[in-house]
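Asks: need coordinates for the following:
(6 chains)
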There are 4 protein chains.
Amino acid sequence: MKRKVQQKPESPPTEDQPTRDKIVAAALQEFAAHGKEGARVDRVAETAGVNKAMIYYHFRSKDNLYIEVVTSFFQNMVRQVRGAVLETSDLREALQIMARRHVEAFLEAGPIRPIILRELAAPHPEVLAAIADVFTSTGLPQKVMTLMEQGMRGGQYRTVDLRQALAAFVSMSLGYFLIAPIQDAALGIEDRAAFAKERQTVIVDVFLNGLKVR
Amino acid sequence: MKRKVQQKPESPPTEDQPTRDKIVAAALQEFAAHGKEGARVDRVAETAGVNKAMIYYHFRSKDNLYIEVVTSFFQNMVRQVRGAVLETSDLREALQIMARRHVEAFLEAGPIRPIILRELAAPHPEVLAAIADVFTSTGLPQKVMTLMEQGMRGGQYRTVDLRQALAAFVSMSLGYFLIAPIQDAALGIEDRAAFAKERQTVIVDVFLNGLKVR
Amino acid sequence: MKRKVQQKPESPPTEDQPTRDKIVAAALQEFAAHGKEGARVDRVAETAGVNKAMIYYHFRSKDNLYIEVVTSFFQNMVRQVRGAVLETSDLREALQIMARRHVEAFLEAGPIRPIILRELAAPHPEVLAAIADVFTSTGLPQKVMTLMEQGMRGGQYRTVDLRQALAAFVSMSLGYFLIAPIQDAALGIEDRAAFAKERQTVIVDVFLNGLKVR
Amino acid sequence: MKRKVQQKPESPPTEDQPTRDKIVAAALQEFAAHGKEGARVDRVAETAGVNKAMIYYHFRSKDNLYIEVVTSFFQNMVRQVRGAVLETSDLREALQIMARRHVEAFLEAGPIRPIILRELAAPHPEVLAAIADVFTSTGLPQKVMTLMEQGMRGGQYRTVDLRQALAAFVSMSLGYFLIAPIQDAALGIEDRAAFAKERQTVIVDVFLNGLKVR
DNA sequence: GATGAATGAGGTTTCATTCAT
DNA sequence: AATGAATGAAACCTCATTCAT
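Replies: Residues are numbered from 1 along each chain as shown, chains lettered A, B, ... in the order given. Next up is the predicted model:
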């Protein structure tokens, strides 16, 4: 199963490996635009401006190209996000940060949304794990759960299954971006960006209010 | 000179269903499993137990097959759902029904989830419209908004943008099913079905409580 | 090799056989436009406004359709042309008539030119014979040869092989229409119709002068 | 898992001619024999002894293969013919050369005749232009017209439209080869080669005599 | 005579992958 | 590392022909 390709430069991250990087960038774009099945190796090569055989030299197959490129894309996200752990003991603030990050990640036209959606339709375990990591590695979900628990113990919040509560908030926040086209069509929303911005406030508000003991 | 190969109905199944219908059923399955690009016309023909050329006789191309089959699948859902309009003036009940329907539609292994997810990644306008129709045609979203509005005017609920509120609830309910694999991985959820059942109660609870004036 | 199709109405030319005639007309047009290989049975059926199976009922195969339709087209020409035999003992007049007929037959956009050209590229003996018949059956070639021969015997014309002379005139007259696109391109001729009309005079003139003893 | 089938160069022929050239040669033959519509890409590949996919690698489609191969075939003719410009100021000699070239080009069984005929039936502008070039690029037509004009000015020849005269001669010479099968059938000619050889003398003779003032 | 559906073979084209240099 | 050419399998689609009604 494991074929050792000649001297694959897996180790020396010395500086720039132009060709390999160009392939990665082009492949990401191609997979985002067309999905794994719809992607064309020729197109990747052309977009990258490299010879098609180079793709097979650096990666081993189209399938493997997909896995490697997409997985490492999310792993890079993890690396960036991990630094930005922040100290707060205010649940509202934590939720706001979470919501803002979702907006930031999903409102841009980057490859993240289509890739995640297609992974959800037909998951590759490695990729899915990397995606999940992006969320957990921020430490935010854990922090949110901790803060909620404290509030519950302090009698401030009603007692709710923590994971259910978290899932509820994440769905509200993140889930919207995935469903957006449908909801926009169904609700007749035209300015998605504005609607999305406004959501940040609304969902934190409704969610927190929903937790509170009355 | 005569070679007998190809897809002959060697098995005696699928009764005497008209050819076109057999194609539709097989195509739906194939598209759900592999996406439009990953789907294979040969496989559809084989699954349907019909001659491959019949697919091109009844539909005109693979692309058109996709559009027609998927669109009409959702249009059929609309037809079924439209009948089940229900009379209630209780917001909680309306939300519960909505949530239950989402569970029903998405917990089964049917074609609906993968198809919707891939449509969200790369939408075909006609299909997307049909999907949106499924939601609006139940009348439920409208009813929910109306009941919320009444509650707000009656001073029972806080004043919130109706569409934002609705979007929040739908995202929580429906969005979860789309994200589920990620959340399961991130939160370490193992029994998705149980977790999903429990959600029905939680989200209605949190949402309604969140709306209430304190 | 010979398959007797049921009751093929080869005999009763009683009156109008709408369907068969419609097929014939449509097929002629299709074959002229696309050639035997490029012709599509479906298109013939559609153009004719009849069911495709009817084509196989009346004719037996696409190939046979071609042979029958094209052959009988030229046979009909023969029938029409045979009536118009004319009495003249003037060579110039005979040549003029010949030339005029060629113009008439080939300047129109009808099916005759493309069909003849393709038959010349890949002949079907039956068809070719029918085409040759169109020319001989007018009696004109024979008459022209006779008149030339008389002129030679009378010392008026130089002695030339009769068939060579005839072939020379026919090539000049008819051949032009076949080559026309090339000559037009090569000589920069723009108004083909005008050029073709003028030719009638020129070729008779040059040819007759060329025959004369000086 | 690996099935070896398809067109492997099992015979040791066609030396080490580059793939592209082998395709060109095979395609020319195929198109001449069957026309663009009747030609089969499989057959071209087999004849050329190359993998079918190479045809699409070097050319892009069957249609494009046709255009490129046929056009460049005539362009090559142009190149060869352009060298052979000859110096003569004798009209008879010029006409004889012209006639001889037509015989040479058309008596052989090469691809030129069927291809030209089918192009005349359904022309591709690019191809037609290349064909016209073959004739003009020899310089012969121009030279013939010039010599005729000089003769007219010198009072030796009757005044005739130069292009009409040229067209007349070319039709006689070249046109014959196109029509040949019909004329042979109509005139009962059996030894076409002999008849064609003799024509060279006759047509120059008749044509020149026809031009002369008496 | 007439129709709509069906069939089987093959047609063109594509594409992941590999090879020689 | 890099390239252009090559390969083999299969993809989508077409088309002449036939069948059941």
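Asks: who's sitting farthest from the centroid in chain A?
Replies: Largest separation from the mean C-alpha position in chain A: A:R214, at 35.6 Å (C-alpha atoms, centre = their mean).
Asks: give me the residue from chain A nearest chain D.
Replies: When distances are taken as C-beta to the nearest C-beta, chain A reaches nearest to chain D at A:D42, 11.2 Å away. No exception for glycine: its C-beta is placed from N, CA and C like everyone else's.
Asks: doesn't B:V213 make contact with the residue farthest from the centre of chain A?
Replies: No - in this structure, A:R214 is not within contact of B:V213 by C-beta atoms under 8 Å, at 9.1 Å.
Asks: now do the SS call for A:P123.
Replies: coil (DSSP: H, G, I helix; E, B strand; the rest coil).
Asks: what packs against the host helix or strand of A:R199?
Replies: Element membership for A:R199, per DSSP states H and E: helix A:192-211. Secondary-structure packing of helix A:192-211 (3 or more C-beta pairs under 8 Å, 6 or more residues apart in numbering or on different chains; DSSP states H and E): helix A:91-107, helix A:162-170, helix A:176-187, helix B:162-170, helix B:192-211.
Asks: and of those helices, who's closest to DNA strand E?
Replies: helix A:176-187 (25.7 Å; C-beta to the nearest atom of the strand).
Asks: for the closest one, name the packing helices and strands.
Replies: helix A:91-107, helix A:112-121, helix A:192-211, helix B:112-121, helix B:125-137, helix B:162-170, helix B:176-187.
Asks: and these as TSV, adding distance to B:M54?
Replies: Shown next, in TSV, are the helices and strands packed on helix A:176-187 (distance: least, C-beta to C-beta, whole Å):
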stretch	distance to B:M54
helix A:91-107	42
helix A:112-121	28
helix A:192-211	42
helix B:112-121	23
helix B:125-137	23
helix B:162-170	40
helix B:176-187	35
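Asks: quick one: closest of those helices to D:I189.
Replies: D:I189 lies closest to helix B:125-137 among the helices and strands packed on helix A:176-187, at 65.7 Å (C-beta to C-beta).
Asks: got the angle between the closest one and helix B:112-121?
Replies: Interaxial angle, helix B:125-137 versus helix B:112-121 (axes from the mean of the first three to the mean of the last three C-alpha atoms, to 10 degrees): 120 degrees.
Asks: can you pull out the low-pLDDT segments for chain A?
Replies: A:1-16, A:83-85 (pLDDT under 70).
Asks: for it, which residues are neighbours of DNA strand E?
Replies: A:39-42, A:52-53, A:56, A:61-63 (C-beta under 7 Å from any atom of the strand).
Asks: ok, 6 Å please
Replies: Residues of chain A that fall close to DNA strand E, judged by C-beta under 6 Å from any atom of the strand: A:40-42, A:52-53, A:56, A:61-62.
Asks: ok, and the most crowded of the residues you listed?
Replies: In terms of neighbour count, A:K62 stands highest of the residues of chain A next to DNA strand E at 18 neighbours, by other C-beta atoms under 10 Å in any protein chain shown.
Asks: distance of that one from A:A122?
Replies: Distance from A:K62 to A:A122, counting by C-beta to C-beta, to the nearest Å: 15 Å.
Asks: which residues of chain A lie near DNA strand F?
Replies: Residues of chain A found near DNA strand F (C-beta under 6 Å from any atom of the strand) are A:9, A:17, A:19, A:50-54, A:57.
Asks: PyMOL command to pick out the buried ones of the residues you listed?
Replies: For the buried members of the residues of chain A next to DNA strand F, the matching PyMOL selection, counting by 16 or more other C-beta atoms under 10 Å in any protein chain shown, is:
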select buried, chain A and resi 19+50+57
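Asks: now tabulate the residues of chain A next to DNA strand F in TSV and tack on distance to chain C.
Replies: Formatted as TSV, these follow (distance: C-beta to the nearest C-beta, whole Å):
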residue	distance to chain C
A:P9	55
A:Q17	53
A:T19	47
A:V50	42
A:N51	39
A:K52	36
A:A53	39
A:M54	43
A:Y57	45
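Asks: farthest pair in the residues of chain A next to DNA strand F?
Replies: Longest span within the residues of chain A next to DNA strand F, C-beta to C-beta: A:P9 and A:K52, 19.2 Å.
Asks: kindly export stretch A:129-148 (C-alpha atoms) in CSV.
Replies: Extracted as CSV, the C-alpha positions of stretch A:129-148 are listed here (Å, rounded to 0.1, in the frame of the first residue of the first chain):
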residue,chain,number,x,y,z
ALA,A,129,-10.6,15.0,11.6
ALA,A,130,-8.5,17.9,10.4
ILE,A,131,-11.6,20.0,10.0
ALA,A,132,-12.9,19.1,13.5
ASP,A,133,-9.5,20.1,14.8
VAL,A,134,-9.8,23.6,13.4
PHE,A,135,-12.8,24.1,15.8
THR,A,136,-11.5,22.3,18.8
SER,A,137,-8.0,23.6,18.6
THR,A,138,-9.1,27.1,19.1
GLY,A,139,-9.9,26.1,22.6
LEU,A,140,-13.1,28.2,22.3
PRO,A,141,-15.6,25.4,22.4
GLN,A,142,-14.0,24.0,25.6
LYS,A,143,-13.9,27.5,27.1
VAL,A,144,-17.5,28.1,26.2
MET,A,145,-18.6,24.9,27.8
THR,A,146,-16.6,25.6,30.9
LEU,A,147,-18.1,29.1,31.3
MET,A,148,-21.6,27.7,30.8
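Asks: can it be said to contact chain B?
Replies: Yes - interface with chain B: stretch A:129-148 contributes A:129, A:131-132, A:135-136, A:141 (C-beta under 8 Å from any C-beta of the partner chain).
Asks: list the buried residues for that stretch?
Replies: By neighbour count on 16+ other C-beta under 10 Å, the buried set for stretch A:129-148 is A:129-135, A:137-138, A:140-141, A:143-145, A:147-148.
Asks: before I go, just wanted to say thanks for your time.
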